[in-house]
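Asker: Just need the structure, nothing else, for what follows:
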Amino acid sequence: MQLLQQTIQNIQPVDNNMMEKARERIDILSKPPGSLGKLESLAVQLSGITGQLFPKIDRKAIIVCAADHGVCDEGVTSNPQNVTLFQTLNFPKGLTGVCAVAKITNAKIVTVDVGVKEDIPLDAGVMIKKIKYGTDNMAKGPAMSREQAIQSIEVGIEVAMREIRSGADLLGTGEMGIGNTTPSAAILSVLHGCNPCEVTGFGAGVGTGGLAHKVEVIQKAIALNNPKRDDVIDILAKVGGLEIGAMAGVVLAAAANRKPVVIDGFISTIAALIAYELEPQVKDYIIPSHASEEPGAKIAAEMLGVEPMLHMNMRLGEGSGAALAFPILDAACSMMNNMATLEESMMMLEK
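Answerer: Down below sits the predicted model:
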């Protein structure tokens with residue numbers, strides 16, 4: 001709990017003065033005002049986060065948090081649970097979707113076992129931070145204890161801090177956990193105060209009972225555990241996931257260290273919402289990547305107050321959307337670092 005509290009205390013507002021300077025420069029670049037659209041607002045945000053008029057994000061890392069879910073026992077997914085283990089082992093080999101996309105910008109993929117149901121070999125290239133062997137079945141009791149929920153957040157903080165100390169300028173959040181759209185929908189249902197049917201989607205594939213059964217399981221879990229709306233750690237503990245907590249920790253650590261953090265789709269956005277509930281100032285450090293196909297994704301983004309930049313009909317997870325957004329951020333930085341103002345252009349011509 002001490003690490004979590006210290007991290008939250010270290011989160012400060014973005015640099016509004018630098019953002020204003022960035023806006024002023026962008027407005028006099030050799031182009032029509034506003035003609036580069038969202039690239040301009042991204043550049044302003046990056047300047048505010050980093051405190052630099054000419055921001056650079058050369059070293060990128062996507063932190064993929066992996067964990068299993070006891071609620072899979074309820075048949076909420078058609079995918080076998082051992083896919084979590086299989087894919088977790090494939091990240092260090094560079095064989096997954098996010099790995100392929102991340103190669104575009106040479107982004108580092110950091111794989112973390114927060115709660116995979118099986119033991120990961122020590123030589124597999126996965127960071128072992130296992131809290132427990134998957135969450136408990138939330139349809140029969142709390143997914144985890146409050147202490148374990150806090151621990152999951154602190155794992156994300158620790159891993160993010162390690163990458164930042166190693167030189168990372170930009171972080172991305174990703175996850176691997178069969179069944180994790182179920183706790184994500186449960187968390188959102190509690191935070192939004194809505195019926196789970198409004199925010200529950202098919203995920204990577206629903207079980208034989210279909211979407212109606214998945215909704216029923218979530219309703220049962222919320223009714224049984226009665227998570228408190230005004231206590232996001234209580235919500236995470238009762239109907240959440242270990243990897244969701246860890247991603248929330250990554251977001252908090254990025255903000256505490258004035259680093260931009262790109263979130264992926266639905267599950268990453270839920271993790272960002274948890275971070276936001278703990279400290280609202282994190283919002284200004286968050287850059288959303290893509291609009292997930294999951295029905296709860298739009299509601300979660302609206303609650304967070306962000307607008308995804310990409311509409312690619314994606315729902316893979318893993319941090320794939322974050323990796324796809326990285327080149328756009330590079331373009332925003334390149335605009336600031338390489339475009340000349342009209343006055344600078346005239347001076348060059350005179351020479």
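
Asker: going forward, measure contacts and count neighbours with C-alpha atoms only.
Answerer: Will do.

Asker: residue boundaries of the strands in the stretch 201-350 of the chain?
Answerer: 261-263, 286-288 (DSSP state E, counting those that start in this stretch).

Asker: What helices and strands are in contact with the first one?
Answerer: Packed against strand 261-263, as judged by 3 or more C-alpha pairs under 8 Å, 6 or more residues apart in numbering; DSSP states H and E, are the following elements: strand 170-176, helix 242-256, strand 286-288, helix 320-338.

Asker: how many other residues sit next to Leu89?
Answerer: Using other C-alpha atoms under 10 Å, Leu89 has 20 other residues around it.

Asker: ok, now Glu302?
Answerer: Neighbour tally, Glu302, other C-alpha under 10 Å: 11.

Asker: just Met348 next, same as before
Answerer: 10.

Asker: Could I get the pLDDT score of it?
Answerer: With respect to pLDDT, Met348 scores 74.

Asker: What distance do you get for it to Leu342?
Answerer: According to C-alpha to C-alpha, to the nearest Å, Met348 and Leu342 sit 10 Å apart.

Asker: now swap in Ala102 and tell me
Answerer: For Ala102, the distance to Leu342 - C-alpha to C-alpha - is 35 Å.

Asker: Ok, Leu170 next?
Answerer: Counting by C-alpha to C-alpha, the gap from Leu170 to Leu342 is 30 Å.

Asker: One more: Ile267?
Answerer: 44 Å.

Asker: Compare the two (neighbour count), which wins?
Answerer: Shown here are Ile267 and Leu342; by other C-alpha under 10 Å, Ile267 has more neighbours (33 against 13).

Asker: Surely that one touches Gly179?
Answerer: No - the criterion here is C-alpha atoms under 8 Å, and Ile267 misses it with Gly179 at 10.9 Å.

Asker: Next up, the contacts around Gln81.
Answerer: Asp68, Cys72, Ile178, Gly179 (C-alpha atoms under 8 Å, 6 or more residues apart in numbering).

Asker: Let me have the helices and strands packed on strand 261-263 in JSON lines, extended by mean neighbour count, distance to Glu163 and mean pLDDT.
Answerer: Listed next are those as JSON lines, based on neighbours: other C-alpha atoms under 10 Å; distance: least, C-alpha to C-alpha, whole Å; pLDDT from 0 to 100:
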{"stretch": "strand 170-176", "mean neighbour count": "30", "distance to Glu163": "9", "mean pLDDT": "98"}
{"stretch": "helix 242-256", "mean neighbour count": "31", "distance to Glu163": "10", "mean pLDDT": "98"}
{"stretch": "strand 286-288", "mean neighbour count": "25", "distance to Glu163": "17", "mean pLDDT": "98"}
{"stretch": "helix 320-338", "mean neighbour count": "21", "distance to Glu163": "16", "mean pLDDT": "98"}
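
Asker: CA atoms only for the helix or strand of the chain with the lowest mean pLDDT, dumped as PDB, please.
Answerer: Among the helices and strands of the chain, helix 342-350 carries the lowest confidence by mean pLDDT, DSSP states H and E, at a mean of 77. The C-alpha coordinates for helix 342-350 follow below in PDB (Å, rounded to 0.1, in the frame of the first residue of the first chain):
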ATOM      1  CA  LEU A 342       6.900  30.600 -41.700                       C
ATOM      2  CA  GLU A 343       9.400  33.000 -40.200                       C
ATOM      3  CA  GLU A 344      12.100  30.300 -40.000                       C
ATOM      4  CA  SER A 345      11.400  29.300 -43.600                       C
ATOM      5  CA  MET A 346      11.800  32.900 -44.800                       C
ATOM      6  CA  MET A 347      15.100  33.200 -42.900                       C
ATOM      7  CA  MET A 348      16.400  30.100 -44.500                       C
ATOM      8  CA  LEU A 349      15.500  31.400 -48.000                       C
ATOM      9  CA  GLU A 350      17.300  34.600 -47.300                       C
END
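
Asker: For that helix, name the packing helices and strands.
Answerer: Going by 3+ C-alpha pairs under 8 Å, 6+ apart, helix 342-350 lies up against no helix or strand.
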